[in-house]
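Engineer: okay, sequence plus prediction incoming.
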Amino acid sequence: MKKLVVALAGLVLLAASACGCGGDGTGDGGITDGQDAGGDSGGEDSGGGDADGGDQANNCISHDKTYCSQGITYWQDSCGNQEEIAETCNCGCNSDYSGCKDCGCVPACTGKCCGDDGCGNSCPDNCTGGQTCDTQSCTCQGGPADVLAVDCDVPFVLDASKVSDMAYMTGHFGDLVQQYGISGTVQGVDITGFPEKMYYGMHDSGNTLSLLQVSMNASLGPEYSVRIDFSPDTDVSTGAMWTVGVGINPKEALVGLIRHLSASSMCLFAMGTAGQLTFSAAEGCTNVEGGSFSVSGQMNMANPWDVADACSNTPPNLPCCQ
């Protein structure tokens, strides 16, 4: 399971840093051509960082948290610099000024078939297709396997070490495909049921080529992300067929479905356990940047608690969802 642990650890940073820089432009705060991450058309620093704009800016993590002022919630990086508007509040700021005040209680039952809905009631049993609600995890179990369909055309593979750099991502806005290339329902959650979306390819400094898709709410906040790792990249070629598993066998892709609990917290919602993915095109996929590929197929997904040793080996900042 060592390779699984390493891969899941890498997924934490990349899944988090990829979010909030795409969308089809219908949600507040989306980046369009000619804008930087803070919506600035000029060269001024909109966040009020330190005067020399030096090492601190290079180490700041974008979208680290939010704060609310005068009825508007803003993103803020880890250095305390203000970024773009996250959302406009209909009922003012909440008591700790971390976001908007709830105008009314909205049940929190996404991915749950039982348990407290956060509003004093219980989440309904929404399991279908022969599945039953597990009262311990409050997820649908049994029945037909949850399947995700893949049909993605990646025009330009990005350097994975730079996907947390908003300037880099803005410069490659055209390479962030603004549509769902991965679709399906897992544990009662339709990952295409969110208004904003994007997918793109990326390559690390080693031998791993990855495909990442992010499902976002109207304010461009990440809700779910899917990551598929292909390693080694030398096995990625036109016509190559990969199976789906825990990434320890030749041409076996590692797949994780991540649930984003907040701007800085996430958990492993599901893992790929079977399936097949085929590359209809692949060029330059051993390069850190600039390759392209097209891949399609299907992936069977399972609760990580049902995958042997998975939840006991995940990194601390990516626990299995409860």
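Structural biologist: Looks like it came in fine. Numbering: from 1, shown residues only.

Engineer: low pLDDT regions in this structure?
Structural biologist: Residue ranges of the chain with pLDDT under 70: 1-58, 128-131, 142-144, 247.

Engineer: ok, now with 80
Structural biologist: Counting by pLDDT under 80, the chain shows low-confidence ranges at 1-58, 90-92, 95, 101-107, 110-111, 119-120, 126-132, 140-145, 246-248, 308.

Engineer: bridging residues for the spatially most central residue of it?
Structural biologist: When the chain is reduced to its mean C-alpha position, the closest residue under CA atoms, centre = their mean turns out to be residue 225, at 2.8 Å. Residues in a beta bridge with residue 225, per DSSP bridges, are residue 214, residue 258.

Engineer: do the same with the one 4 residues further on
Structural biologist: Counting by DSSP bridges, residue 229 is bridged to residue 210, residue 254.

Engineer: hang on, it packs against residue 254?
Structural biologist: Yes: counting by CB atoms under 8 Å, residue 229 does reach residue 254; the two are 4.4 Å apart. C-beta coordinates here come from the backbone N, C-alpha and C atoms, glycine included.

Engineer: contacting residues around stretch 86-93?
Structural biologist: By CB atoms under 8 Å, 6 or more residues apart in numbering, the list of residues contacting stretch 86-93 from outside reads 28-29, 66, 68-75, 99-103, 219-221.

Engineer: cool, and stretch 233-245?
Structural biologist: 203, 207-209, 230, 249-255, 272-283, 285-286, 293, 299-300.

Engineer: change it to 7 Å
Structural biologist: With contact meaning CB atoms under 7 Å, 6 or more residues apart in numbering, stretch 233-245 is reached by 203, 207-209, 230, 250-253, 255, 272-279, 281-282, 285-286, 293, 299-300.

Engineer: which of the contacts of stretch 86-93 count as buried?
Structural biologist: By neighbour count, with 16 or more other CB atoms under 10 Å, the contacts of stretch 86-93 hold 29, 66, 68, 72, 73, 74, 75, 99, 100, 219, 220, 221 as buried.

Engineer: from residue 152, how far out is residue 276?
Structural biologist: For residue 276, the distance to residue 152 (CB to CB, to the nearest Å) stands at 15 Å.

Engineer: can you check residue 81 too?
Structural biologist: Distance from residue 81 to residue 152, by CB to CB: 34 Å.

Engineer: burial check on residue 272, number of neighbours?
Structural biologist: 26 (other CB atoms under 10 Å).

Engineer: same thing with residue 120?
Structural biologist: Residue 120 has 8 neighbours, counted by other CB under 10 Å.

Engineer: ok, residue 104 next?
Structural biologist: Applying other CB under 10 Å, we find 6 residues neighbouring residue 104.

Engineer: with respect to residue 156, which of the buried ones among the contacts of stretch 86-93 is nearest?
Structural biologist: Nearest to residue 156 among the buried ones among the contacts of stretch 86-93: residue 220, at 21.6 Å, using CB to CB.

Engineer: now the closest one. Its backbone dihedrals?
Structural biologist: Per-residue torsions, residue 220: phi 70, psi 20 (degrees, to the nearest 10).

Engineer: and the helices in the stretch 1-150 of the chain?
Structural biologist: 2-17, 55-59 (DSSP state H, counting those that start in this stretch).

Engineer: and stretch 152-165, end to end?
Structural biologist: One end of stretch 152-165 to the other measures 24 Å (CA to CA, to the nearest Å).

Engineer: make 574 the starting number, not 1.
Structural biologist: Got it, first residue is 574 now, which makes that one stretch 725-738.

Engineer: not counting its own residues, what contacts it?
Structural biologist: Stretch 725-738 is contacted from outside by 587, 590-591, 634-635, 741-742, 745, 748, 754-755, 772-778, 782-784, 858, 861-868, using CB under 7 Å, 6+ apart.

Engineer: over to stretch 680-690?
Structural biologist: 691-692, 694-696, 698-700, 706, 708, 711-713, 760-762, 832, 842.

Engineer: repeat the analysis, applying 8 Å as the threshold.
Structural biologist: Here stretch 680-690 makes contact (CB under 8 Å, 6+ apart) with 691-692, 694-700, 706-708, 711-713, 760-762, 796, 832, 842, 894.

Engineer: now the buried members of the residues you listed.
Structural biologist: 696, 698, 700, 706-707, 711-713, 760-762, 796, 832, 842, 894.
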